[in-house]
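1. Got a predicted model here, sequence first, then my questions.
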Amino acid sequence: MSVVQNFPMFSIVLGLLCAIACFAAPRAWGRRITLALLLLSGVMQGCVLWYCYVNQASYRYQLGHYPAPWGSELTAGLLEPGMGLLFSVVMLLSVIGGGRHVGHDVADGKQHLYWVAVDLTLAALLAMCYTDDIFTAYVFIEICTIAACALLAVREGGRNLIASVRYMVFALIGSSLFLIGVVFTYAVTGQLLFPQLRQAVAALWEAGTYRFAMTVAIALMTAGLAVKSGCFPFHGWLPDAHSQATTASSCILSGVIVKGYAVLLIKIICRGLGAQVFMATGAQNVLLLLGLGGMVWCSIDAIFAKRLKVMIAFSSAAQIGYIFMGIGMGTAAGLTAAVLQMVSHAITKPMLFLAGSQLSDASHGRMDFPSLRGAGHRNVPAGILFTVGALSMVGVPLLAGFVPKLYFAREAFALGWQRWPVLLGLAASTVLNVLYFLYTAVLIWLPQEADCRFKPVKPHWDEYLPGFIFAGLNVAMGIHPGPLAALIDRAVALLGR
Amino acid sequence: MAKSDSPFRCWLRGELDLSAQLQTAEMPAPPEGERYEPRHHPALIRMIARQSHRLYVALVAVLCAVLFTVLLLTAANLPAYGDGEAPTNNEVSERYVNQGVEETGALNAVAGMMLDYRAFNTLGESFVPFAALCAVTVLMTRGRRKHPLPPEADYADYYADPIVHTMCKVIIPVILVFGTYVLVNGHLSPGGGFSGGAILSSALIIYAMVWGDQRAHGAIREKTVRRTMALAMGFYVVSKTCSFYMGANGMPNPISAGVPGRIFSAGLILPLNVAVGLAVCCTMYSFYMFFRRGAL
């Protein structure tokens, strides 16, 4: 076995080990340990991705001395290390970009706990990507939930405590629904590992026994993950949570964590249950409709938002609607578009949060739109980054946000009755996006009032570096999406094997 | 035209004068002597709020009833408990039961399954209390107020009570011994890290309750708790990583299962149980102290 094949296990375990190190080491070390971990994890995911790409195959990694149905396993194809790489890079850039705010928002005595939470989040997300065992998935969902709560609650003041409690209640509802689904699945199949589970579910569905229990189990697991990633009618927690956290946490929560649950859902559908059985329950139509609802409803909410970060957070909820719409299309091309949407959102939304918080810093920390008027003149790099992000979210060609919309629209023509709802939803959502994102992008470049109280800030270039990397990735993905789309196509095809 | 005067540069600096284009209609001043009238009637808003709250409660009730019925129906549809034909009685549980003792060396099949066959799950599970400890610390140390309860008021002084005080002196060592027994005997009899750790922590909590927070704070230092926790979890992660690595790369297990039934048997299961137990004990004691006095 090649050394590279051990990297998924190493990166998960390293995340856990670094969490302990941050907990016990002197407080000043937490940040350095976490940065090293994120960098190393990115490198390891890159190696695994390269290995799987060269071999054009996925492999299974046995954890311990017992083979599949008895012991646990990890699996790595192209999707898993690809998403792992994305998560590591986005978290690294978010932590660098929001570093100054962490120092400011988090009390000195709790800094090391913040880094513990970041490390645990990374380990849990990687485990959720790589796992081939539905119960391991549940355990790491739980770790991710608790760590995300800590990431959110670590900032003091404002509505933060309310937001944390709300987030925790919704997240626990999601976990318990998922757990009940896992229990029902295990009771009727007797398997926990994805490949064995898929065979058992297929046999069960063929025979027609326990069909009701299996349908309920699938519905509960899907609903649980949908609640946790903030799919439309369950998105009530999302705007508060994403807007009240410190900047780095906002980037991680919106850019990475919600996608971890979506990746897990895709894996469970394709590997654990089998797409055929999932489609037969009709759950994918529900997901499609919920996704469409989210795209329109949350965009309308975003228009009426009174503060910048709340608006960006509502836009996240709308963008998550696109992901669920893609999963709900029920075709391989739909899944490809959904994964493209995850990538494009993960490299755009943290950039918006970073630039938004820098713009608000240039307005004495105020987030309301009247105060932000002309903020782009006071902080030109942040204004440029925000404008690029806003244009990408709207779906202007040559930027990342355009790519998934194009793929969704193209795939819609291959669908049956879903064709017109999808196309209309895409059109409506794009128009609404134009309303609120272009409004903000114009607002920050309006001339300042003559008696403006806010002074221009001197740019610190190291703070803008992550933003400019995000912008560069955005433009690269927008100009040349072909290789990425081909890679994701291949990854989705490997997933079902 | 001078370079600094180009309209684009003016605009970029925010000095371009667009006041004529940005004129908005001024609100007409209210006539003198007229009282301010709110645009919305407060009574109407209250009524709408009440009605929507009622609607919300009704919808929640309907949703709960539907979920309740569906879950009950599903549970009734599941294979009966103890049914020999149930799908859970397959090759997986068969091997755990029949070959578990031979392969893991643990007489307690649950311990063998948790810490050997499916050790990756348990690795994750033992990080759940750790993550919870960090989250609780973050939440309970909010703000400047250190003590959620006033230090020496409002609660019973158990130390002054001769019965409680004397009984605790007897009971605490017994609890500690029992907890240790459950912990180190986890691979031979029902018990193990999670339950043993909970029992151990109950002794510490009783000590803190009766002898007072200050005394417990002096006896069990914050540094000790943190170091124990870190050492236990670190040992768990490192030893399990070696075991995963060797298993995946086809190397034989260097630690033999030993003679089943002996106290030093079952390979890594005994030290892992001790590590999990210490971590759980530290977590539960810290929870108590955080809720009690806002610090360890």
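-> Thanks, I have the structure now.
2. pLDDT below threshold where in the stretch 101-250 of chain B?
-> B:143-156 (pLDDT under 70).
3. What helix or strand is the closest residue to chain B within the stretch 301-450 of chain A located in?
-> Per C-beta to the nearest C-beta, A:His377 is where the stretch 301-450 of chain A lies closest to chain B, at 3.2 Å. Just so you know, the C-beta spots here come from the backbone N, C-alpha and C atoms, and that holds for glycine as well. Secondary-structure assignment from DSSP states H and E places A:His377 in helix A:375-378.
4. Just confirm yes or no for the next helix or strand after that helix near chain B.
-> Using DSSP H and E, the helix or strand that follows helix A:375-378 towards the C-terminus is helix A:380-394. Yes - counting by C-beta under 8 Å from any C-beta of the partner chain, chain B has neighbours in helix A:380-394: A:Val380.
5. helices and strands around the helix or strand just after helix A:380-394, which ones?
-> Next along the chain after helix A:380-394, taking DSSP H and E as the criterion, comes helix A:402-412. The elements that helix A:402-412 packs onto, with contact taken as 3 or more C-beta pairs under 8 Å, 6 or more residues apart in numbering or on different chains; DSSP states H and E, are helix A:308-329, helix A:332-361, helix A:419-433, helix A:461-479.
6. of all these, which lies closest to B:Cys10?
-> Closest to B:Cys10 of the helices and strands packed on helix A:402-412 is helix A:332-361 (C-beta to C-beta; 20.5 Å).
7. Grab the CA positions of the helix holding A:His377 and hand them over as CSV.
-> The C-alpha coordinates for helix A:375-378 follow below in CSV (Å, rounded to 0.1, in the frame of the first residue of the first chain):
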residue,chain,number,x,y,z
ALA,A,375,-17.2,52.6,2.3
GLY,A,376,-15.4,51.4,-0.8
HIS,A,377,-13.6,54.8,-1.0
ARG,A,378,-12.4,54.5,2.5
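8. and the residue lying closest to A:Lys405 once chain neighbours are set aside, what pLDDT?
-> The shortest distance from A:Lys405 to any non-neighbouring residue, by C-beta to C-beta, 6 or more residues apart in numbering or on different chains, is to A:Gly395 (4.7 Å). Looking at A:Gly395, its pLDDT is 90.
9. which outside residues touch stretch A:21-36?
-> The set of residues external to stretch A:21-36 that reach it, using C-beta atoms under 8 Å, 6 or more residues apart in numbering or on different chains, is A:18, A:92, A:95-96, A:99, A:102, A:108, A:111-116, A:118-119, B:130, B:134, B:226-227, B:229-230, B:234.
10. can you give me the helices for the stretch 101-250 of chain B?
-> B:109-112, B:119-140, B:162-184, B:193-211, B:213-219, B:222-248 (DSSP state H, counting those that start in this stretch).
11. from the ones you listed, which stretch is densest packed?
-> Scoring the helices of the stretch 101-250 of chain B by mean neighbour count under mean count of other C-beta atoms under 10 Å in any protein chain shown gives helix B:119-140 as the most buried, with a mean of 23.
12. which residues are contacting the helix or strand that contains A:Met295?
-> Assigned by DSSP H and E, A:Met295 belongs to helix A:283-303. Applying C-beta under 8 Å, 6+ apart, the external contacts of helix A:283-303 come out as A:218-219, A:222, A:226, A:231-233, A:235, A:239, A:278, A:311, A:314-315, A:317-318, A:320-330, A:418, A:421-422, A:425-426, A:428-429, A:432-433, A:435-436.
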